[in-house]
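Enquirer: give me a model of this one.
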Amino acid sequence: MAERNSAESYSMHNILVGIEEPSLRDQVRTALKIFPSVRGVPVQRDRLLDLISDGGVPAAVIVDYRRGRSGTDPFIEAIRTANRDVHVLACADRPERNLFNKAKVDLDIFSLIPLPLDPFDLLRRLHRLVEALPAA
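Expert: Take a look at the predicted model:
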């Protein structure tokens, strides 16, 4: 009975996974399953902004990073404009390290997940994210 009560005390956090490449999206969602307090919810990238702007704000979003002409990702800028509180993780091909760091600071990205995906690195970054989520 005590185990059930402690399990019920977990607050379930939704993490929207708006990665376009299906196998990468599935890998991220599968990795999220090891954390009992989160649920990876697949979402079409074009629906993400609507979901973030509506009342039910997710704990975090995981998206593809696409560098625009301005040097940053306009989609992540739009997410930040819609909601500053949501944690953003972005998957990106390994650019130069200084571009990675500049993007993290400019867009307030919680973590950039380098591609090709290293499963251990992914789990480490997701663990940091789950630890940073507010407790209920």
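
Enquirer: surely Ala60 touches Val86?
Expert: Yes. Ala60 lies in contact with Val86 (Cβ atoms under 8 Å); the separation is 6.2 Å. For glycine as for every other residue, the C-beta is placed from the backbone atoms N, C-alpha and C.

Enquirer: more neighbours: which of these two?
Expert: For Ala60 versus Val86, neighbours defined as other Cβ atoms under 10 Å are more numerous around Ala60 (23 against 17).

Enquirer: which parts of this protein are strands?
Expert: For the chain, the strands defined by DSSP state E cover 13-18, 38-42, 60-64, 87-93, 111-115.

Enquirer: can I get these in TSV including mean pLDDT and distance to Asp121?
Expert: Conversion of these to TSV gives the following (pLDDT from 0 to 100; distance: least, Cβ to Cβ, whole Å):
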stretch	mean pLDDT	distance to Asp121
strand 13-18	96	17
strand 38-42	95	17
strand 60-64	96	14
strand 87-93	93	11
strand 111-115	91	7
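
Enquirer: grab the most central residue of the protein for me.
Expert: Ile62 (2.8 Å; Cα atoms, centre = their mean).

Enquirer: what sits against that one?
Expert: With contact set as Cβ atoms under 8 Å, 6 or more residues apart in numbering, Ile62 has these partners: Ile15, Leu16, Val17, Gly18, Ile19, Val28, Gly40, Val88, Leu89, Ala90, Cys91, Ile113.
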